[in-house]
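Asker: fold the following and give me the result.
(2 chains)
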Amino acid sequence: MPKRVDRIVLDNSDIIIKNWLKIVSENRQNDYTSSISDELFQSTNREFVNVIFDSLGNGGGLTTELESFSERLVNLGWPLSYLTDGLQTFRRVTIDFVLSQHDQIDTDFFSIILDRVDTWVDPIINKLVNEYSGSWEHTVSLQRVALQELSAPLIPVMRNITIMPLIGTIDTERAKQIMENLLDGVIKHNAEVVLIDITGVPVVDTMVAHHIIQAAEAVRLIGSTCILVGIRPEIAQTIVNLGIDLGKFPTKSSLRKGFETALELTGRTIHREKKQETIVEDIMNQLSKG
Amino acid sequence: MELKPCVNIRQEWDIVGARQLGREKAKELGFGTVDQARIATAISELARNIYLYAGTGKVYFETIDHLDKKGLKIVAVDEGPGIRDLSQVMQDGYSTSGGLGAGLPGVKRLMDTFEINSEWGEGTEITAVKWVR
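Answerer: Predicted coordinates:
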């Protein structure tokens, strides 16, 4: 009995394909694939339906064609719903067609048809969904790694002075990294002064402040000074409203001011050197006087 | 009843989601940058409390648009362990998790109105409003 269903479907694949293509093209009007060119859409549809029938010809299940097809669609960024909708449509079209071939249908035969079509379509859907979610998970984990690499860089700008620029949200994980990188860096670069720049941190709440205070305290314990810079006016106001005491270490509004303070603390000042020409002029003046 | 935008707090990154939505609403209502930062910070505190103490919960936003004044209402609801002594948590410097203990009293100072309801063992609901000036 199931074999008969298979034969009916395979023998009439042309009609089923035609019906399927018609419905899929109609559905296209109101959905996501509107940015894709008509030609590409049609050729993909044809390929899709051929891949499905290939799989059926092999007695259902997965084929290498199906795998390479789904892989290509994942890479091109086609929506998953294109494939699932397509297979859903295929299921409906096929069942409709098989039923239309018989005048009298008892419930046994009906359930055999449903069962047979399900065993073709379901493994394909499962495979595709797995392929897609696998690719998403892969992307997310790559981005997590990328984010981690950005999370707490330490820049030694000058002997004994290092800067840690912080950009973006600080969560517990990142706060830990900040602390570790800060202490490692202070020892490694032999820094006397560390500047923590929070210009790019959107919100400073009690948790963030607490972590910064702890980091600064730890830096103080290993004998260096921590300066908090880049405090925007609105952040300053919220810190005051929250009642957070940042009085234990110096704070500055901008990185420039913080850097000047750091130079002072390490016993250096900024001198503008006289330009070459003015020096020559001075000498000439003196010569002409003499 | 009008549909209120809401953010589910289940993991730490949901705090960022809540904050972003709140900041967007505040911007729409015409809050200045300082008040936007205050609102974002308050949401951050409330959402973090949910994450830290209750595990899961929700943060609702409601825009209040009366003839004479406009404002943003934030409601943080959870079904966590609740708070045993309300007067204690409203003191500066009290914390059960080793934090700064400035969260709830801080939110009260950041916002214009602040209301807290908590039943020991049944959860907590905090409502705070900031008016546009």
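
Asker: close to chain B, is stretch A:169-188?
Answerer: Yes - residues of stretch A:169-188 contacting chain B under Cβ under 8 Å from any Cβ of the partner chain: A:Thr169, A:Asp171, A:Thr172. Every residue, glycine included, has its C-beta placed from N, CA and C.

Asker: could I get those residues as JSON lines with secondary structure?
Answerer: Shown next, in JSON lines, are the residues of stretch A:169-188 next to chain B (DSSP: H, G, I helix; E, B strand; the rest coil):
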{"residue": "A:Thr169", "secondary structure": "coil"}
{"residue": "A:Asp171", "secondary structure": "coil"}
{"residue": "A:Thr172", "secondary structure": "helix"}
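
Asker: pull out the buried positions in the helix or strand hosting A:Leu99.
Answerer: For A:Leu99, the host element (DSSP states H and E) is helix A:80-100. For helix A:80-100, a neighbour-count test (16 or more other Cβ atoms under 10 Å in any protein chain shown) marks A:80, A:82-83, A:85-87, A:89-91, A:93-95, A:97-98 as buried.

Asker: among the residues of stretch A:169-188 next to chain B, name the buried ones.
Answerer: A:Thr169, A:Asp171.

Asker: which among the residues of stretch A:169-188 next to chain B gets closest to A:Asn241?
Answerer: A:Asn241 lies nearest to A:Thr169 out of the residues of stretch A:169-188 next to chain B, by Cβ to Cβ, at 19.9 Å.

Asker: in this structure the closest one contacts A:Gly200, no?
Answerer: No - counting by Cβ atoms under 8 Å, A:Thr169 stays clear of A:Gly200, with 9.9 Å between them.

Asker: to which secondary structure element is residue 125 assigned?
Answerer: Using chain A here. helix A:107-150.

Asker: let's do chain B instead
Answerer: Short version, using DSSP H and E: B:Glu125 is in strand B:123-131.

Asker: try A:Ile213
Answerer: helix A:206-221.

Asker: which elements pack onto that helix?
Answerer: When contacts are defined as 3 or more Cβ pairs under 8 Å, 6 or more residues apart in numbering or on different chains; DSSP states H and E, helix A:206-221 packs onto helix A:172-188, strand A:193-200, strand A:225-229, helix A:233-242, helix B:33-49.

Asker: immediately after the helix or strand where B:Val59 lies, which helix or strand?
Answerer: Assigned by DSSP H and E, B:Val59 belongs to strand B:57-65. Next in sequence after strand B:57-65, counting helices and strands by DSSP H and E, comes strand B:70-78.

Asker: sheet-wise, list the partners of that next one with their directions.
Answerer: strand B:57-65 (antiparallel), strand B:123-131 (antiparallel) (DSSP bridges).

Asker: for the stretch 101-250 of chain A, what lies in contact range of chain B?
Answerer: So the stretch 101-250 of chain A meets chain B at A:169, A:171-172, A:202-207, A:209-210, A:213, A:233-235, A:237-238, A:241-244 (Cβ under 8 Å from any Cβ).

Asker: can you flag the buried ones in these?
Answerer: A:169, A:171, A:202-207, A:209-210, A:213, A:234-235, A:237-238, A:241-242, A:244.

Asker: so, low pLDDT: which residues of the stretch 1-150 of chain A?
Answerer: Residue ranges of the stretch 1-150 of chain A with pLDDT under 70: A:1-2, A:29-36, A:59-62.

Asker: can you rerun that using 80?
Answerer: A:1-13, A:24-42, A:52-67, A:70, A:77-79, A:101-106, A:109, A:116, A:120, A:150 (pLDDT under 80).

Asker: one more: chain B?
Answerer: B:1-4, B:98.

Asker: residue with max distance from the center of it?
Answerer: Centroid-distance maximum for chain B: B:Leu67 at 24.8 Å, with Cα atoms, centre = their mean.

Asker: against A:Ala215, how distant is that residue?
Answerer: Relative to A:Ala215, B:Leu67 is positioned 49 Å away (Cβ to Cβ, to the nearest Å).

Asker: again with B:Leu104
Answerer: In terms of Cβ to Cβ, B:Leu104 sits 24 Å off from A:Ala215.

Asker: next one: the closest residue to A:Leu73 other than its chain neighbours from B:Lys108, what distance?
Answerer: Leaving out its chain neighbours, the residue that sits closest to A:Leu73 by Cβ to Cβ, 6 or more residues apart in numbering or on different chains is A:Leu83, at 6.7 Å. Distance of A:Leu83 to B:Lys108, computed by Cβ to Cβ: 52 Å.

Asker: which other residues reach stretch B:11-23?
Answerer: A:169, A:171-172, A:202-203, B:5, B:7-9, B:36, B:39-40, B:43-44, B:47-48, B:51, B:59, B:61, B:72, B:74 (Cβ atoms under 8 Å, 6 or more residues apart in numbering or on different chains).

Asker: in that stretch, what counts as buried?
Answerer: Those would be B:Glu12, B:Asp14, B:Ile15, B:Val16, B:Ala18, B:Arg19, B:Gln20, B:Leu21, B:Gly22, B:Arg23, for stretch B:11-23 by 16+ other Cβ under 10 Å.

Asker: looking at these, which is nearest A:Thr278?
Answerer: Taking the buried residues of stretch B:11-23 together and measuring to A:Thr278 by Cβ to Cβ, the closest member is B:Arg23, at 52.3 Å.

Asker: how near is A:Glu26 to A:Leu80?
Answerer: In terms of Cβ to Cβ, A:Glu26 sits 20 Å off from A:Leu80.

Asker: equivalent analysis for B:Glu122, please.
Answerer: 41 Å.

Asker: what does A:Glu281 give?
Answerer: 75 Å.

Asker: could you do B:Ile116 as well?
Answerer: 44 Å.

Asker: then A:Lys274?
Answerer: For A:Lys274 relative to A:Leu80 (Cβ to Cβ), the value is 68 Å.

Asker: who's in contact with stretch B:50-69?
Answerer: By Cβ under 8 Å, 6+ apart, stretch B:50-69 touches B:4-12, B:14-15, B:18, B:21-22, B:25, B:28-29, B:43, B:46-47, B:70-81, B:96-97, B:123-124, B:129, B:131-132.

Asker: ok, back up a step: farthest pair within the buried residues of stretch B:11-23?
Answerer: Pairwise over the buried residues of stretch B:11-23, using Cβ to Cβ, the maximum falls at B:Glu12 and B:Arg23, 17.8 Å.
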